[in-house]
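Colleague: Quick one, what's the 3D model for this:
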Amino acid sequence: MSVLMSFAIFPTDKGTSVSEYVSKVVEMVSNSGFEHKLSSMSTIVETENFEQALDILNKAYIILKPFSNRVYCSVNFDIQANKPYGRINTKVSSVIDKLNKT
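Modeller: Have a look, this model is predicted:
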């Protein structure tokens, strides 16, 4: 099984720059042992099951909770039971391969 989760989570009451807080969440994701990618708009993480993805999301909230009275979170999931772990890279590679054939 492969669960791709793209999420953005940050405090809304800390001004216009929240990278200090987002970095705490990214550090947790980096230490989780799961494949992940950071982008300018979200963090993508791949887990082996849905429960692990939800656990990361919950840990992200727990990290931010002491710093903020209001936390915003946006999340998307791509869950495939019939695909092996490793899609975080193979999905992009598949598109690049098709671009190179044109």
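Colleague: can you list contacts of the one helix or strand Ile62 maps to?
Modeller: Per DSSP states H and E, Ile62 falls inside helix 50-64. If you take Cβ atoms under 8 Å, 6 or more residues apart in numbering as the criterion, helix 50-64 is touched by 3, 5, 7, 9-11, 21, 24-25, 28-29, 32, 34, 45, 47, 71, 73, 75, 77, 79. (C-beta placed from N, C-alpha, C; glycine too.)
Colleague: Show me just the buried residues among those residues.
Modeller: By the neighbour-count criterion of 16 or more other Cβ atoms under 10 Å, the contacts of helix 50-64 include these buried positions: 3, 5, 7, 9-11, 21, 25, 29, 34, 45, 47, 71.
Colleague: Tell me the one among those nearest to Ser94.
Modeller: Nearest to Ser94 among the buried ones among the contacts of helix 50-64: Val3, at 18.1 Å, using Cβ to Cβ.
Colleague: which element is the closest one on?
Modeller: In the assignment (DSSP H and E), Val3 maps to strand 2-11.
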